[in-house]
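Colleague: Got a predicted structure plus its sequence, pasted below:
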There are 2 protein chains.
Amino acid sequence: MYRPSDFPPFAVTVDLVVLTLRSDELCALLVRRGEAPHKGRWALPGGFVREDESLDAAAARELAEETGLDRVHLEQLGSYGDPRRDPRMRVVSVAYLALAPDLPVPVAGTDASEARWSPVDTAGKLAFDHGRILADGVERARSKLEYTPLGTAFCAPDFTVAELRRVYELVWGTALDARNFHRKVTGVPGLLEPTGETTTRDGGRPAQLYRRGPAATLHPPLVRS
Amino acid sequence: MYRPSDFPPFAVTVDLVVLTLRSDELCALLVRRGEAPHKGRWALPGGFVREDESLDAAAARELAEETGLDRVHLEQLGSYGDPRRDPRMRVVSVAYLALAPDLPVPVAGTDASEARWSPVDTAGKLAFDHGRILADGVERARSKLEYTPLGTAFCAPDFTVAELRRVYELVWGTALDARNFHRKVTGVPGLLEPTGETTTRDGGRPAQLYRRGPAATLHPPLVRS
DNA sequence: TCTCCTTATCGTCAGTCTGACGATAACACT
DNA sequence: AGTGTTATCGTCAGACTGACGATAAGGAGA
């Protein structure tokens, strides 16, 4: 029996933490708000979940609208529902984390709003509780690199061990020994599949090209010391 | 500007995966539904988020209502918002995971509904998408045991190494070598703090009692082989 | 073409960690 | 006193780790 008086109505939105690596930095996609509240302030991209749409579908739709991208890694991050997070009304936001390789396009701006890639450390104060959501997304990415093959989500389909190592170094903010990283990463079963091709796009001796293998988790994991 | 026509109204609920160890099994708290839909079927405990309440507060309130318990571990698990998960209306459910020591009380039933502890493997078909939520919660618990001190949440404030080992064995469903487990667990910095007391409640030679230490993550982790 | 520079990849080695399992210790009960 | 039960400490070989040396294989410039 459907009695609307039984429950208070909520607005439900999805917000996206879209991370990529640009010019040697871990960057997040931000859009400038064109309306109050927080007009003019930078915020995470997102929008209302539609009547007939699952949460995952809403996140994928918003991601496609903002970046034009499809086929990037997208996972649910968590939900944020403080009663006062939006002064207009009661909003619950379901945050998603997306990881993308460096985008050749500088982000197609939707509507009239600006968009930019901002280094995650210097994003400044964001609208609503988006600063916390961004921090949670970055921490999720950092820890998932340890025990999942998600680092490959920042790479092109074919990539070298050095390119993957650069992903780890930039996301973790630490330097890694190239030789030990090579040994460990090639030793994890199911992580890398050699394509047989080589490339010299990084300079120096030609490097093997790999694509991501079938492993869902890393055994043993690549731990941050 | 608040224009309700801009967004579809949702109901927001919290659902709880409350896990404990009873008679050598990992069990979840289930309640029997008293109303359609799924009338008479077992479901996770939960309820609507109130107008002026955060998600965390709603989860804590529901947990206290259902179990009378406070001070147990409670963390957000994820959100479930398929458009057709509840035939009455559009509902987004924010699931929480709670871990509790074995409860002396047999669960105070709220309202007129039944409640019981069910082994997680034989819970049967649950209402709505609660089967999936329960499975996600169990998997979260299993993996968090590896790299966090959360196993202690299943124990009394003071516990022995053997009691903690039993937690790992029951949650993971594997047998562990008592000697190696003892060495590893006492070697993780910040995991255990000796109380100085001993107990013979498990029989045999008296065992040291410990309480949980300040560590938030386990270095090195206790890995499932 | 030869030399140098850069990066990739393989090896070595000592210290640490792991799993398997033996040996004792310290109680309760008979 | 002997026996059963659990707790806790040791040992040992193999795997893994971080530090770092050595070699390979390309490009750029003399």
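Modeller: Okay, I see it.

Colleague: Near DNA strand D, which residues of chain A? Just list them.
Modeller: Within chain A, the positions near DNA strand D by Cβ under 7 Å from any atom of the strand are A:177, A:179-180, A:184, A:187, A:200, A:203-206, A:220, A:223, A:225. Any C-beta I mention is one placed from the backbone N, CA and C, and that applies to glycine too.

Colleague: tell me the domain boundaries of chain A?
Modeller: A:4-143, A:148-212 (automatic domain parsing).

Colleague: right, so of those domains, which gets closest to B:Leu126?
Modeller: With Cβ to Cβ as the measure, domain A:4-143 is the member of those nearest B:Leu126 (19.5 Å).

Colleague: Now that closest one: average pLDDT?
Modeller: For domain A:4-143, mean pLDDT rounds to 92.

Colleague: does DNA strand C sit close to it?
Modeller: No: Domain A:4-143 lies out of reach of DNA strand C by Cβ under 7 Å from any atom of the strand, never closer than 12.8 Å.

Colleague: what would the domains of chain A look like in JSON lines with distance to B:Leu21 and mean neighbour count?
Modeller: Formatted as JSON lines, those follow (distance: least, Cβ to Cβ, whole Å; neighbours: other Cβ atoms under 10 Å in any protein chain shown):
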{"stretch": "domain A:4-143", "distance to B:Leu21": "27", "mean neighbour count": "18"}
{"stretch": "domain A:148-212", "distance to B:Leu21": "29", "mean neighbour count": "16"}
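
Colleague: Could I get the ones you listed in a markdown table, plus columns for distance to chain B?
Modeller: Formatted as a markdown table, the domains of chain A follow (distance: least, Cβ to the nearest Cβ, whole Å):
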| stretch | distance to chain B |
| --- | --- |
| domain A:4-143 | 4 |
| domain A:148-212 | 11 |
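
Colleague: out of those domains, nearest to B:Val161?
Modeller: Among the domains of chain A, domain A:4-143 comes nearest to B:Val161, with 27.3 Å by Cβ to Cβ.

Colleague: Tell me how far that closest one lies from the chain's centre.
Modeller: 10 Å (Cα atoms, centre = their mean, to the nearest Å).

Colleague: Also stretch A:203-210?
Modeller: Offset of stretch A:203-210 from its chain centre (Cα atoms, centre = their mean): 27 Å.

Colleague: Likewise for stretch A:155-170?
Modeller: Its chain's C-alpha centre and that of stretch A:155-170 lie 16 Å apart, by Cα atoms, centre = their mean.

Colleague: That stretch vs DNA strand C: in contact?
Modeller: Yes: with Cβ under 7 Å from any atom of the strand as the measure, stretch A:155-170 is seen reaching DNA strand C through A:Thr160, A:Val161, A:Ala162.

Colleague: Would you give the sheet partners of the lengthiest strand in chain A, along with the direction of each?
Modeller: For chain A, the longest strand by residue count, based on DSSP state E, is strand A:11-22. Using DSSP bridges, the strands paired with strand A:11-22 in its sheet are strand A:25-32 (antiparallel), strand A:46-48 (antiparallel), strand A:91-99 (parallel).

Colleague: Need those strands in a markdown table (columns: distance to B:Glu139).
Modeller: Converted to a markdown table, the strands paired with strand A:11-22 look like this (distance: least, Cβ to Cβ, whole Å):
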| stretch | distance to B:Glu139 |
| --- | --- |
| strand A:25-32 | 28 |
| strand A:46-48 | 27 |
| strand A:91-99 | 18 |
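
Colleague: Tell me which of these sits nearest to B:Gly78.
Modeller: When the strands paired with strand A:11-22 are compared by Cβ to Cβ, strand A:91-99 sits nearest B:Gly78, at 9.0 Å.

Colleague: Next SSE downstream of that closest one?
Modeller: The element immediately downstream of strand A:91-99 (helix or strand, assigned by DSSP states H and E) is strand A:115-119.

Colleague: and that next one, what other elements does it pack with?
Modeller: Under the contact definition 3 or more Cβ pairs under 8 Å, 6 or more residues apart in numbering or on different chains; DSSP states H and E, strand A:115-119 sits against strand A:25-32.

Colleague: again, only this time at 10 Å
Modeller: strand A:11-22, strand A:25-32, strand A:42-43 (3 or more Cβ pairs under 10 Å, 6 or more residues apart in numbering or on different chains; DSSP states H and E).

Colleague: List the strands paired with the last one, with their directions.
Modeller: Its sheet considered, strand A:42-43 pairs with strand A:25-32 (antiparallel) by DSSP bridges.

Colleague: on that earlier part again, with respect to B:Leu170, which of the residues of chain A next to DNA strand D is nearest?
Modeller: Nearest to B:Leu170, judged by Cβ to Cβ, of those is A:Pro220 at 25.1 Å.

Colleague: Nearest spatial neighbour of the closest one, chain-adjacent residues omitted?
Modeller: A:Val188 (7.1 Å; Cβ to Cβ, 6 or more residues apart in numbering or on different chains).

Colleague: Next up, the contacts around the one you found.
Modeller: A:Val188 makes contacts with A:Pro149, A:Gly213, A:Ala215, A:Thr217, A:Leu218, A:His219, A:Pro220, A:Pro221, A:Leu222, as judged by Cβ atoms under 10 Å, 6 or more residues apart in numbering or on different chains.

Colleague: In a markdown table: those, plus distance to DNA strand C.
Modeller: As requested, those are exported to a markdown table (distance: Cβ to the nearest atom of the strand, whole Å):
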| residue | distance to DNA strand C |
| --- | --- |
| A:Pro149 | 17 |
| A:Gly213 | 16 |
| A:Ala215 | 19 |
| A:Thr217 | 16 |
| A:Leu218 | 15 |
| A:His219 | 11 |
| A:Pro220 | 9 |
| A:Pro221 | 11 |
| A:Leu222 | 15 |
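
Colleague: I'd like to know which of those are buried.
Modeller: Among the contacts of A:Val188, those buried by neighbour count (16 or more other Cβ atoms under 10 Å in any protein chain shown) are A:Pro149, A:Leu218, A:Pro221, A:Leu222.

Colleague: so A:Thr122 sits right up against A:Arg116, yeah?
Modeller: No: in this structure, A:Thr122 is not within contact of A:Arg116 by Cβ atoms under 10 Å, at 11.9 Å.

Colleague: and for these two, which residues touch both?
Modeller: Residues touching both A:Thr122 and A:Arg116 (Cβ under 10 Å, 6+ apart): A:Cys27.

Colleague: Show me where chain A has its helices.
Modeller: A:55-67, A:130-147, A:161-172, A:178-187 (DSSP state H).

Colleague: Let me have the helices and strands packed on strand A:115-119 in CSV, extended by distance to B:Lys39.
Modeller: Shown next, in CSV, are those (distance: least, Cβ to Cβ, whole Å):
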stretch, distance to B:Lys39
strand A:11-22, 27
strand A:25-32, 46
strand A:42-43, 43
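
Colleague: That concludes my questions; thank you for your assistance.
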